[in-house]
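**Q** structure, please.
(one chain, ligands or ions: 2)
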Amino acid sequence: MSNGNLYLGFDFSTQQIKVLAIDDQLKVQYEFAVKFDVDLPEYKTQGGAHISSDKSTVTTPTIMWVQAFDMVLDKMKNSDFPFSNVAGISGSGQQHGSVYWKRGAKETLQNLNPSMTLKEQLKNCFSIGDSPIWMDSSTRKQCDDLEKAVGGTQKLSDITGSIAFERFTGNQIAKIYQTKSTEYTNTERISLVSSFAASLLIGLYAPIDESDGSGMNLMNIKTRDWSEECLKACGKDLRERLGSIVPSRTVVGKISRYYVDRYGFNIDCLITAFTGDNPSSLAGIAPKQGDIILSLGTSDVLFLWITDPNPGLAGHIFVNPVDTKAYMALLCFKNSSLTRERICKEVADGSWSQFSNSLKSTPMGNNGNIGIYFDVMEIQPLAVGVYRYDDKGQQVPSFDKDVEIRAVLESQIMARRNYSEMLGFNISSGTRVIATGGASSNVEILQVISDIFNCNVYVKDVVNSASLGAAIRAKQGCMGNKSKFDDIVKNIEEPVCVAKPTPGSDKIYNDMCKRYKRLEEEIAKNFV
Ligand SMILES: Nc1ncnc2c1ncn2[C@@H]1O[C@H](COP(=O)(O)OP(=O)(O)O)[C@@H](O)[C@H]1O
Ligand SMILES: O=C(CO)[C@@H](O)[C@H](O)COP(=O)(O)O
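**A** Numbering: from 1, shown residues only. Ligands and ions are numbered 1, 2, ... in the order given. Prediction:
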């Protein structure tokens, strides 16, 4: 229990809202969470989302996020959380997802009544009720249009840090502009999930930050302003609807009076711009040069801190959330935790310890069996379906339970390694792979990662690095413009090594990764 200053870090992630409070020494003092599927079953989400029958349109009811926010604050109140000690708040959101505020919503946000819930007051404030999220892959046409409009694929990547990706917000907005024109006209502000959450806290439309703004195919990553040609290609009067972009460390306002009166927050509590969950994790891990972070949340994401951006045709370059001159490189995979979870439910009774036992009881390389499990359209390659091959490369309809479990994990991690090599991530035996997110608590999974990457794997004491990064950024916001991130995190807990490559793993996986790549390329040919 702490009597001094506290800093809150919220994470509006795919499956839940998490929040943690740290003290001035960056020690976690409190943690709370609301899980969408479990705590709000009335919305019937699966993994926090609604997936259409074509498996390409993926949305989340915006009002569910609002209700979950009410719930998490109520949970804190019921646990006598010391709201008045909170000096600063920041947060993160699943990247790319968008929220559409209806004309007049600003008025409602500014005049929240502390005797009512946010849900009661905001239920009619959204022109689009279902927010498109990062798992959506229904905007191929809009992606092609955008690349054409700016002069080609590489040109778009030079401007925005990424070629056109279906889940990137500009393409999502373009789809809404083209297919729901009345709703688009009725929209006065478009937020990212991150800036939407910050807006709830300041009772005003919060600006989008540069780091999460990099995941939209709309922002010029060099000038850190909207790209006029991208805006024009995606929707009418879009600059006005998006508002401004600010450096990620900007204090965007003080907490709204609503939270002071309803929960007892301090009236001077400062809100620092919210950012994307992966940028926020980068802040929470505070990596050393050369470290590669592997986030095992709903998505598997590889990212690292870089200084010289070189945007190409694969992966993404984002503006760095804590160092205004730096960048981060990132690769995201859609078929990740939820696919592992499906296999775990189907063949291991939903028990992670059974899943782990199967990993322990099967050999590295799985006796030559390879399975590829794309339950939904993958990001790279664009492909969907489940494919299993025996040691002779013959397709087979099924595997035994233990083989199936090792196959899903090995294929996912081989893909992570292959794509990071393609992107030029510098991986050598001395590289530290720092794992974070839900599945990083599973040591057997971390051992497979260590064997396939042929690197030591590390974890930090706090699994929720996105929330931790948000809380650290909240402290940075309170310390003013001159404060240095490196000084703030200088005493942060170092990651500890939890897995080392098993002798002989490099021989097995160097060959097997090549074999995996050839199989994946064959499959992808069917989806061009
Ligand atoms: N012991 C475990 N072994 C493997 N995976 C796990 C384990 N515990 C949790 N997970 C996975 O972690 C995922 C949630 O991770 P989390 O980082 O909380 O996600 P998000 O931030 O995207 O909501 C779950 O979907 C689950 O599959
Ligand atoms: O699309 C991306 C990154 O580009 C995803 O990583 C989302 O940001 C969702 O994050 P998690 O909920 O899996 O942490």
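**Q** and the lengthiest helix in the chain, does that touch ligand 1?
**A** Scanning the chain for the helix with the most residues, using DSSP state H, yields helix 401-422. No: contact of helix 401-422 with ligand 1 is not found when judged by CB under 6 Å from any ligand atom; the minimum separation is 9.4 Å. Placement of C-beta: from N, CA and C, glycine included.
**Q** next: stretch 282-291.
**A** No: using CB under 6 Å from any ligand atom, stretch 282-291 stays clear of ligand 1, with a minimum separation of 11.9 Å.
**Q** buried set for that stretch?
**A** For stretch 282-291, the buried set under the neighbour-count rule, 16 or more other CB atoms under 10 Å, comprises 282, 283, 284, 285, 286, 287, 291.
**Q** go on, stretch 323-337?
**A** For stretch 323-337, a neighbour-count test (16+ other CB under 10 Å) marks 323, 327, 328, 329, 330, 331, 332, 333, 334, 335, 336, 337 as buried.
**Q** show me what contacts the residue of the chain positioned farthest from its centre?
**A** When distances to the mean C-alpha position of the chain are computed (CA atoms, centre = their mean), the maximum falls on residue 392, with 37.6 Å. Going by CB atoms under 8 Å, 6 or more residues apart in numbering, residue 392 touches residue 368.
**Q** list the contacts for residue 289?
**A** residue 305.
**Q** pLDDT at it, what is it?
**A** Residue 289 is assigned 88 on the pLDDT scale.
**Q** and what of residue 2?
**A** Residue 2 carries a pLDDT value of 52.
**Q** what's the answer for the one 4 residues further on, then?
**A** We have a pLDDT of 98 for residue 6.
**Q** repeat that for residue 324.
**A** 85.
**Q** my guess is it contacts residue 247, does it?
**A** Yes: between residue 324 and residue 247 there is a contact under CB atoms under 8 Å: 5.6 Å.
**Q** give me the common contacts of these two.
**A** Shared contacts of residue 324 and residue 247 (CB under 8 Å, 6+ apart): residue 210.
**Q** any idea how far ligand 2 is from residue 208?
**A** To ligand 2, residue 208 is 15 Å away according to CB to the nearest ligand atom, to the nearest Å.
**Q** residue 146: which element?
**A** Element membership for residue 146 (DSSP states H and E) is helix 140-150.
**Q** give me the next element, helix or strand, following that helix.
**A** Counting by DSSP H and E, what follows helix 140-150 is helix 153-160.
**Q** got the buried residues for the next helix or strand after that next one?
**A** Later in the chain than helix 153-160, the nearest helix or strand by DSSP H and E is helix 169-179. Across helix 169-179, burial judged by 16+ other CB under 10 Å covers 169, 170, 171, 172, 173, 174, 175, 176, 177.
**Q** again, but for stretch 342-358
**A** By neighbour count on 16+ other CB under 10 Å, the buried set for stretch 342-358 is 343, 344, 347, 348, 352, 355, 356, 358.
**Q** same deal with stretch 506-518?
**A** 508, 509, 512, 513, 516, 517.
**Q** turn these into a markdown table, including pLDDT.
**A** Output for the buried residues of stretch 506-518, formatted as a markdown table (pLDDT from 0 to 100):
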| residue | pLDDT |
| --- | --- |
| 508 | 98 |
| 509 | 98 |
| 512 | 98 |
| 513 | 98 |
| 516 | 98 |
| 517 | 98 |
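**Q** want to try CSV for these, with secondary structure and distance to residue 156 as columns?
**A** Converted to CSV, these look like this (DSSP: H, G, I helix; E, B strand; the rest coil; distance: CB to CB, whole Å):
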residue, secondary structure, distance to residue 156
508, helix, 39
509, helix, 34
512, helix, 34
513, helix, 30
516, helix, 29
517, helix, 26
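**Q** if we can go back for a sec, taking the mean pLDDT, what do you get for the helix holding residue 146?
**A** Average pLDDT, helix 140-150: 98.
**Q** packing partners for it?
**A** In terms of contacts (3 or more CB pairs under 8 Å, 6 or more residues apart in numbering; DSSP states H and E), helix 140-150 is packed against helix 153-160, helix 169-179, helix 228-234.
**Q** now do that helix against helix 169-179, angle only.
**A** Here the directions of helix 140-150 and helix 169-179 differ by 110 degrees (axes from the mean of the first three to the mean of the last three CA atoms, to 10 degrees).
**Q** just want the angle from helix 140-150 to helix 153-160.
**A** Helix 140-150 runs at 80 degrees relative to helix 153-160, counting by the same axes, to 10 degrees.
**Q** buried set for helix 140-150?
**A** Within helix 140-150, the residues scored as buried using 16+ other CB under 10 Å are 142, 143, 145, 146, 147, 149, 150.
**Q** please identify the helix or strand for the residue farthest from the centre of the chain.
**A** Using DSSP H and E, no helix or strand contains residue 392.
**Q** how close does it sit to residue 515?
**A** The gap separating residue 392 from residue 515 is 11 Å, by CB to CB, to the nearest Å.
**Q** ok, now residue 417?
**A** As judged by CB to CB, residue 417 and residue 515 stand 13 Å apart.
**Q** just residue 505 next, same as before
**A** Residue 505 is 15 Å from residue 515, where distance means CB to CB.
**Q** now the residue in the stretch 101-250 of the chain positioned nearest to ligand 1, what's its secondary structure?
**A** Residue of the stretch 101-250 of the chain nearest ligand 1, by CB to the nearest ligand atom: residue 134 (9.9 Å). Using DSSP: H, G, I helix; E, B strand; the rest coil, the three-state assignment for residue 134 comes out as coil.
**Q** what about it, neighbour count?
**A** Neighbours of residue 134 under the rule other CB atoms under 10 Å: 28.
**Q** ok, it touching residue 60?
**A** No: with contact defined as CB under 8 Å, residue 134 does not reach residue 60; the gap is 10.1 Å.
**Q** now the common contact residues for those two.
**A** Residues touching both residue 134 and residue 60 (CB under 8 Å, 6+ apart): residue 97.
**Q** okay, and the residue in the stretch 301-450 of the chain that ligand 2 sits nearest to sits in which element?
**A** Residue nearest to ligand 2 within the stretch 301-450 of the chain: residue 332 (3.8 Å; CB to the nearest ligand atom). Applying DSSP H and E as the criterion places residue 332 in strand 327-333.
**Q** that strand packs against which elements?
**A** Where contact means 3+ CB pairs under 8 Å, 6+ apart, strand 327-333 is packed against helix 277-285, strand 300-306, strand 316-319, helix 401-422.
**Q** can you lay out these as a markdown table showing distance to residue 220 and mean pLDDT?
**A** Shown next, in a markdown table, are these (distance: least, CB to CB, whole Å; pLDDT from 0 to 100):
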| stretch | distance to residue 220 | mean pLDDT |
| --- | --- | --- |
| helix 277-285 | 17 | 97 |
| strand 300-306 | 18 | 95 |
| strand 316-319 | 10 | 97 |
| helix 401-422 | 25 | 97 |
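**Q** quick one: closest of those to residue 84.
**A** Of all the helices and strands packed on strand 327-333, helix 277-285 sits nearest to residue 84, with 25.1 Å by CB to CB.
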